[in-house]
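Chemist: using only what follows, build the 3D model:
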Amino acid sequence: MEPKHAAFLRDNLLLTIIKTMASTIDTNMRALLEWIFVNALDEDSSGFIEEREANRVAKYCGYGGPDGDITALWTTMLREMDTDGDQRISKEEYVVFMSKSLEGSVAAARNLKDEVDA
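Modeler: The predicted structure is shown next:
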């Protein structure tokens, strides 16, 4: 069994890591990702994406392949985004993950724009 203070320290360390990563996110990117989270993903305004909400978006976007199985999406989202293991995705977890995921695309888009403008 884990000592009482170990969970507290682990959770605070995780929060510090997330905040540090989040501080490096471009302000405009953060604003866009937060808007998407609030307006398109967090249907019940709980501050988290939960399985029901992820499934709704997956169905709307046609995710799941020919058999319509969307459980794989939720499992993948949890594995890749749920850094605190609470089985839901907070706004901060979403913003940090998505900004890292989009980083290459944003850089490529900027490079393309620069080439076109040149």
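
Chemist: what's the first helix or strand after the lowest-mean-pLDDT helix or strand in the chain?
Modeler: For the chain, using mean pLDDT, DSSP states H and E, the weakest element among its helices and strands is helix 4-23, scoring a mean of 54. On the C-terminal side of helix 4-23, the nearest following helix or strand under DSSP states H and E is helix 27-36.

Chemist: so which bits of that next one are buried?
Modeler: 30, 33 (16 or more other C-beta atoms under 10 Å). C-betas here are computed from N, CA, C, even on glycine.

Chemist: please name every helix or strand in contact with it.
Modeler: helix 91-117 (3 or more C-beta pairs under 8 Å, 6 or more residues apart in numbering; DSSP states H and E).

Chemist: rounded mean pLDDT for the helix it packs on, please.
Modeler: Averaged over helix 91-117, pLDDT sits at 76.
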